[in-house]
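Engineer: no sequence on hand, only this structure:
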């Protein structure tokens, strides 16, 4: 390679005119998935050719936590991490999300079918998922096409699916909204679906915080004095 960005010894490196600059260590990248790494390499080339210093590129990558509804980390509750990938409105996007995360994933699939072939999810679900929760009008089709790969439960609505996910998950598991479908059967768009998912998760997080004895004691002290 005469010039461009590439990986070497766990670092992003930019080469131009026979000179190499190590931009940053890959461990400093907060975004999961090889597709995000590819995006960062492409962005590194663009901004470096535009004259941006390596240190500024590194600063930008470290501080970038992603785009809303695109494999967006929402919260961790009792050791379970929740991710919002409502923008995954097709099978390929859902595959990317599954590939980006470690195993033991509870996946929320479904919505309005886009004439998709959900059998393409079978291998990834078998490898990464422990449970699929189905919502929306495409649930029956998806269930038929992925049957036999992983445990499947009908959640029907998103709020019910999130509740079932919370009941089924254990510390170390991941709950992932990556529907592989359009949102228009139950929501106005994928942003609306993602916002509802995040609100449901945050409501659970608040409920867990309120159950914490230390928080209860603090609130009582604030209310009644000591």
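Structural biologist: All right, it came through fine. Quick caveat: nothing in here was measured; it's all calculated off a predicted structure.

Engineer: remind me which residues of the protein are low pLDDT?
Structural biologist: In the predicted model, the chain carries pLDDT under 70 at residues 1-2, 213-226.

Engineer: now do the same contact list for the most centrally placed residue in it.
Structural biologist: When C-alpha atoms, centre = their mean is applied to the chain, the residue found nearest the centroid is residue 71 (2.8 Å). Residues near residue 71 by C-beta atoms under 8 Å, 6 or more residues apart in numbering: 31, 32, 33, 36, 83, 84, 85, 97, 100. Yep, even glycine has a C-beta here, placed from its N, CA and C like the rest.

Engineer: where does the fifth one sit: helix, strand or coil?
Structural biologist: Reducing the assignment to helix, strand or coil with DSSP: H, G, I helix; E, B strand; the rest coil, the entry for residue 83 is strand.

Engineer: contacting residues for it?
Structural biologist: 71, 72, 73, 74, 97, 101, 174, 175, 176, 177, 178.

Engineer: filter the residues you listed down to the buried ones, ChimeraX style.
Structural biologist: If you want just the buried ones from the contacts of residue 83 in ChimeraX, going by 16 or more other C-beta atoms under 10 Å, the selection is:
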select :71,72,74,97,101,174,175,176,177,178
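
Engineer: let's have the contacts of residue 83 in JSON lines, adding distance to residue 23 and secondary structure.
Structural biologist: Formatted as JSON lines, the contacts of residue 83 follow (distance: C-beta to C-beta, whole Å; DSSP: H, G, I helix; E, B strand; the rest coil):
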{"residue": "71", "distance to residue 23": "22", "secondary structure": "coil"}
{"residue": "72", "distance to residue 23": "24", "secondary structure": "strand"}
{"residue": "73", "distance to residue 23": "23", "secondary structure": "strand"}
{"residue": "74", "distance to residue 23": "29", "secondary structure": "strand"}
{"residue": "97", "distance to residue 23": "26", "secondary structure": "helix"}
{"residue": "101", "distance to residue 23": "25", "secondary structure": "coil"}
{"residue": "174", "distance to residue 23": "29", "secondary structure": "strand"}
{"residue": "175", "distance to residue 23": "33", "secondary structure": "strand"}
{"residue": "176", "distance to residue 23": "29", "secondary structure": "strand"}
{"residue": "177", "distance to residue 23": "32", "secondary structure": "strand"}
{"residue": "178", "distance to residue 23": "29", "secondary structure": "coil"}
